[in-house]
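**Student:** pasting a predicted model and its sequence here:
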Amino acid sequence: MPPILEARNISKEYVLGRNTRRSDNFREALMRSLKKPFRARRKQEESSPKNFWALRDVSFDVQQGETLGVIGRNGAGKSTLLKIASRITDPTEGFMKLRGRLASLLEVGTGFHPELTGRENIFLNGAILGMRRSEIMSKFD
Amino acid sequence: MTSTFELVIRPRKGWQPINYKEAYLHRELLGFLIWRDIKIRYRQTFLGGLWAILQPLLAMLVFTFIFNRLAGVRSDGPPYPLFAFAGLIPWTFFSNAVSASSNSLVSNQHLVSKIYFPRVFIPLGSIGALLIDLCLSLVLLFGLMIHYHWNLTYRCLLLPLFLVAAFLSASGIGLALSALNVTYRDVKYAVPFLVQMGLFVTPVIYPIRYVPERWQILAGLNPMAGVVLGFRQALLGSPASWQLMGLSLGISLFLFLIGLLVFGRMERKFADII
């Protein structure tokens, strides 16, 4: 049996402060893209100390029936790993192979809307998690 | 997220189209999101769903008074209130759709940053929900036509074509702006202004013959010009040149494709930036 989850050399890089300083508005982004062709294409220049690697070279396998716990302190990259596995964000390097269905509970109740009833929320969240209407119906009495 | 087959997650680079196959598999979710938007939109309002028809109706009354009575703008055949209302129906849809969809990703950021599903559904869902409003306004228009003894002709069979064009224009612009709004919140401030200006460059409150002949082809570059002219022709039998409308409809389709392309390029960064 192949593993149900294979992670190989997963790395995730975040560029800190890019959003708040380097390209806060159209004008700066426009200027940057206009200047881009004239600048020497050097990767080194781009990766300044403001870059932060949340994950670096993470590899592991999970077999069917196995339970794997990921523990670590704040900022260790646990959520980032889950976000990559659940496809919310792309890895910067490496790949993951999934066989089966994956549902992450990064934050319970994310899709809930206070203005909808409980029953309505169940259907909406089921659909968000990728279930068909008939599938939700069969699990719901 | 749902897959009983093998799924490989790897970094995506450059211009890649959105995942159409996956969007098709999740199509029921689009229906749920539209339904959610409809349910929530007029919650905790006193007038509720009436707002859907009050917007174009009040605008029609004000425009009839100011432009027709005071400024002397004439229609191209039908009574001015009918003329204005038939133009305001697609325009109200378009302006609401562009505003709602361009803010949709940011206002649903709890979903974007926590759960995976085809992201295009968020802006498309907010636009789809507004189609209901448009249909309600159409019913009111039919009422007004009875009141003014203005008959519907076989031309109304063309209406679906212009409905699709209205949806494509709004979606193309909405998809691109919603994606841009994730990185550049400037969009939020620019959209209301641009939409307001759009009303005046689109022949909504004046007939197209007010535009000098040699500038009319420029009007065709506006995707909504064809939609507004088409609505009027289909519903009221107003004259319209197919050359101009054809160009405008082509632009709608083009904008839609551009919107999808921009969205596909930017969507993989949404969760990191939003």
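**Tutor:** It's in. Numbering: from 1, shown residues only, chains lettered A, B, ... in the order given.
**Student:** what about the residue of chain A found nearest chain B, how many residues close to it?
**Tutor:** Nearest to chain B, among the residues of chain A, is A:Gly130, at 3.1 Å (Cβ to the nearest Cβ). In this view, the C-beta of every residue, glycine as well, is placed from N, C-alpha and C. Per other Cβ atoms under 10 Å in any protein chain shown, the neighbour tally for A:Gly130 reads 22.
**Student:** from B:Glu22, how far out is it?
**Tutor:** Note on A:Gly130: its distance to B:Glu22, by Cβ to Cβ, to the nearest Å, is 9 Å.
**Student:** now B:Tyr184
**Tutor:** When Cβ to Cβ is applied, the distance between B:Tyr184 and B:Glu22 equals 27 Å.
**Student:** next: B:Gln196.
**Tutor:** Distance from B:Gln196 to B:Glu22, counting by Cβ to Cβ: 37 Å.
**Student:** of the two, which one has the most company?
**Tutor:** Comparing B:Gln196 with B:Glu22 by other Cβ under 10 Å, the one with more neighbours is B:Glu22, at 16 against 10.
**Student:** re the thing from before, which element is the residue of chain A closest to chain B on?
**Tutor:** Assigned by DSSP states H and E, A:Gly130 falls within no helix or strand.
**Student:** would you confirm that it contacts B:Arg27?
**Tutor:** No - A:Gly130 lies out of contact with B:Arg27 (Cβ atoms under 8 Å); the separation is 11.4 Å.
**Student:** next SSE downstream of the host helix or strand of A:Ile10?
**Tutor:** Here A:Ile10, judged by DSSP H and E, is contained in strand A:5-15. Using DSSP H and E, the helix or strand that follows strand A:5-15 towards the C-terminus is helix A:26-35.
**Student:** elements contacting that next one?
**Tutor:** If contacts are counted by 3 or more Cβ pairs under 8 Å, 6 or more residues apart in numbering or on different chains; DSSP states H and E, helix A:26-35 sits against no helix or strand.
**Student:** just the buried positions in that helix, please.
**Tutor:** Neighbour-count burial for helix A:26-35, counted by 16 or more other Cβ atoms under 10 Å in any protein chain shown, picks out A:Ala29.
**Student:** export it as PDB, just CAs?
**Tutor:** Coordinates of the C-alpha atoms in helix A:26-35 are reproduced here as PDB (Å, rounded to 0.1, in the frame of the first residue of the first chain):
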ATOM      1  CA  PHE A  26      -0.800  50.700  -7.400                       C
ATOM      2  CA  ARG A  27       1.700  53.400  -8.000                       C
ATOM      3  CA  GLU A  28       4.700  51.600  -6.400                       C
ATOM      4  CA  ALA A  29       3.700  48.300  -7.900                       C
ATOM      5  CA  LEU A  30       3.400  50.000 -11.300                       C
ATOM      6  CA  MET A  31       6.800  51.700 -11.000                       C
ATOM      7  CA  ARG A  32       8.400  48.400  -9.900                       C
ATOM      8  CA  SER A  33       7.000  46.400 -12.900                       C
ATOM      9  CA  LEU A  34       8.000  49.200 -15.300                       C
ATOM     10  CA  LYS A  35      11.600  49.200 -13.900                       C
END
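**Student:** okay, A:Val47: pLDDT?
**Tutor:** Let me fix one detail, which is that residue A:47 is Ser and not Val. With respect to pLDDT, A:Ser47 scores 46.
**Student:** and if you look at the one 4 residues further on?
**Tutor:** With respect to pLDDT, A:Asn51 scores 82.
**Student:** list the contacts of the residue in the stretch 151-274 of chain B positioned nearest to chain A.
**Tutor:** Going by Cβ to the nearest Cβ, chain A is nearest to B:Ala271 of the stretch 151-274 of chain B, at 4.4 Å. When contacts are counted by Cβ atoms under 8 Å, 6 or more residues apart in numbering or on different chains, B:Ala271 touches A:Lys83, A:Ile88, A:Thr89, B:Val112, B:Ser113.
**Student:** helices of the chain, residue ranges please.
**Tutor:** As the question left the chain open, I've gone with chain A. Secondary structure of chain A, counting by DSSP state H: helices at A:26-35, A:43-46, A:78-85, A:118-128, A:133-139.
**Student:** the intended chain is chain B.
**Tutor:** Under DSSP H, chain B gives helices at B:20-25, B:27-41, B:50-63, B:80-107, B:109-112, B:121-147, B:159-183, B:186-201, B:216-219, B:223-236, B:242-266, B:270-273.
**Student:** most tightly surrounded among those helices?
**Tutor:** Stretch with highest mean neighbour count among the helices of chain B: helix B:223-236 (a mean of 27; mean count of other Cβ atoms under 10 Å in any protein chain shown).
**Student:** any idea how chain A splits into domains?
**Tutor:** A:5-106, A:107-141 (automatic domain parsing).
**Student:** with distance to B:Phe83 added, can I get those in JSON lines?
**Tutor:** Output for the domains of chain A, formatted as JSON lines (distance: least, Cβ to Cβ, whole Å):
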{"stretch": "domain A:5-106", "distance to B:Phe83": "38"}
{"stretch": "domain A:107-141", "distance to B:Phe83": "38"}
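**Student:** can you tell me which of those domains comes nearest to B:Phe93?
**Tutor:** Nearest to B:Phe93, of all those, is domain A:107-141, at 23.3 Å by Cβ to Cβ.
**Student:** which residues of the stretch 101-250 of chain B lie near chain A?
**Tutor:** B:His110, B:Leu111, B:Val112, B:Ser113, B:Lys114, B:Ile115, B:Tyr116, B:Phe117, B:Thr183, B:Tyr184, B:Asp186 (Cβ under 8 Å from any Cβ of the partner chain).
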